[in-house]
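Visitor: Fold the stuff below for me.
(2 chains)
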Amino acid sequence: GAVVSQHPSWVICKSGTSVKIECRSLDFQATTMFWYRQFPKQSLMLMATSNEGSKATYEQGVEKDKFLINHASLTLSTLTVTSAHPEDSSFYICSARDPTGVNQPQHFGDGTRLSIL
Amino acid sequence: DQQVKQNSPSLSVQEGRISILNCDYTNSMFDYFLWYKKYPAEGPTFLISISSIKDKNEDGRFTVFLNKSAKHLSLHIVPSQPGDSAVYFCAAKRVGTASKLTFGTGTRLQVTL
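Guide: Numbering: from 1, shown residues only, chains lettered A, B, ... in the order given. Next comes the predicted model:
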C-alpha cells in the first residue's frame, strides 16, 4: 500500500538551532502534503498545507517565518523549524494526499519527535 | 473552537466484546468522515470512512455509523482484540476544502484479556 516516509523520527537539539524534517511519498506522487503538530494527549492540529511548486498555505496562528515549508518535488516536502526554542518541542506529523486513491486519502508519516533543550 | 469532539478520552473493553467509540461535530458543512488509529510515536493509520450521503459503512470488524441530524458518528469494533488497543481519532472534511482534515481529540482504547 501507499507509504509516507518521515525523517528524522527523533531530534534533540539546542535552543536556537534550525531543524529540518523531511516527508516523502514513496509510491505515489503527492501534489499536496500536510503538516500537523500534536501536543501530548491532544488532537492533531493542522499547521499548513504544502502544494508542489507553490507557496504553502498556513493555518491561522502559525508563523510562516518560523515554520518554513518547501515542496520542491511531487514526492518531497520539508518543514524547517527555524531558531527553535523549547516551546517548539512537539510531535510533528506529515501526510501526503494520494490523488489516485478513492476519495484521495491522506497517508501519514510516523512523525518526528522534536525536543529543544 | 473544537469542531470535532471525542468526549471520552479513554475506553476499556474486554476482548471479544464490542468497542463503541463516539464522535460529535458542530460544523454542518462537513461531508466526509474518517477514523484513524494511532500507536504512540507513529503516524495515524486510516481505518474506515463514510460519506455524508450514507449512514453506515462496514469493513470487516469495523463499522462506522453516521447520524447527520445529531451530528454524531460512531465506530464499532466487534469483536475487539488486544491489538486494537490504540488511540482512535475521528476526522472530518468540509465541502470545498479538498483534503483538509479536522481531527477530534482522540479516544484511547484498551482491550483487556
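Visitor: before we move on, which element is the residue of chain B found nearest chain A in?
Guide: Residue of chain B nearest chain A, by CB to the nearest CB: residue B:43 (3.3 Å). Where C-beta positions appear, they are placed from N, C-alpha and C, glycine not excepted. Using DSSP states H and E, residue B:43 is not contained in any helix or strand.
Visitor: How many neighbouring residues does it have?
Guide: Using other CB atoms under 10 Å in any protein chain shown, the number of residues around residue B:43 comes to 23.
Visitor: and if you look at residue A:87?
Guide: By other CB under 10 Å, the residues close to residue A:87 number 8.
Visitor: Nearest residue to it in space, ignoring adjacent ones along the chain?
Guide: Leaving aside its sequence neighbours, residue A:87 sits nearest to residue A:116 (CB to CB, 6 or more residues apart in numbering or on different chains; 7.9 Å).
Visitor: same deal with residue A:86?
Guide: Once flanking residues are discounted, residue A:86 sits nearest to residue A:116: 4.9 Å by CB to CB, 6+ apart.
Visitor: Give me the phi and psi for the one you found.
Guide: phi -110, psi 120 (degrees, to the nearest 10).
Visitor: Report pLDDT for it.
Guide: For residue A:116, the model assigns a pLDDT of 95.
Visitor: same question, residue A:42
Guide: 82.
Visitor: I'd say residue B:11 and residue B:110 touch.
Guide: Yes: assessed by CB atoms under 8 Å, residue B:11 is found in contact with residue B:110 at 7.1 Å.
Visitor: between the two, which one's more packed in?
Guide: More neighbours surround residue B:11 than the other of residue B:11 and residue B:110, with 17 against 14 (other CB under 10 Å).
Visitor: Which residues are in contact with the more buried one?
Guide: By CB atoms under 8 Å, 6 or more residues apart in numbering or on different chains, the residues touching residue B:11 are B:19, B:21, B:107-110.
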